[in-house]
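Asks: the following comprises the amino acid sequence and a computationally predicted model.
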Amino acid sequence: MHKNSLRRWLMWGLLGIALMIFLSLLSILNNVGYSNVKQIIRLETSGPSMIRIEHPKEGMERYLTKDENDPQERLKSRMSREGWAYEQQEGSGYFFTKDGQQTIVTLQRWNHFYVIYNIKAGVVNLEG
């Protein structure tokens, strides 16, 4: 009788631990978002250090990159590669000019490990 009771408690304990782990994973997915988790996996498993992701607003583009090796300098380098000259920074906005046109790229820290760049659609391709 004692062995069966111990087994039952052990079984319920393991089931409880498994349920806690499952609920923790669901909580993480809920906080980060399923589509964002897919984008993180895509970034981590692909070659490019910056990938284009969906933007909730029409006419805007977003790029996801890791928050390492100075993401501000990476932005300036990518924009320079496309012919845009860095002008100034105001808050999270980085101002660039090219052929008399001006564009603003905003940098958004997205959790502790990633950065998102927001830019008007069709201005430049930062992916790569």
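Replies: That came in fine, so what should we check first?

Asks: which residues does the residue nearest to Arg74 when sequence neighbours are not counted bridge with?
Replies: Distances taken as C-beta to C-beta, 6 or more residues apart in numbering place Thr65 nearest to Arg74, at 6.7 Å, with adjacent residues excluded. All C-beta spots, glycine's among them, are computed from the backbone N, C-alpha and C. The partner list for Thr65 in beta bridges (DSSP bridges) reads Met50, Val115.

Asks: measure Thr65 to Arg52 for me?
Replies: 11 Å (C-beta to C-beta, to the nearest Å).

Asks: residue boundaries of the helices in the chain?
Replies: With DSSP state H as the criterion, the chain has helices at 2-32, 34-45, 71-81.

Asks: export those helices to a markdown table and tack on mean pLDDT, distance to Lys120 and mean neighbour count?
Replies: Below are these laid out as a markdown table (pLDDT from 0 to 100; distance: least, C-beta to C-beta, whole Å; neighbours: other C-beta atoms under 10 Å):
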| stretch | mean pLDDT | distance to Lys120 | mean neighbour count |
| --- | --- | --- | --- |
| helix 2-32 | 81 | 26 | 10 |
| helix 34-45 | 79 | 20 | 13 |
| helix 71-81 | 92 | 13 | 16 |
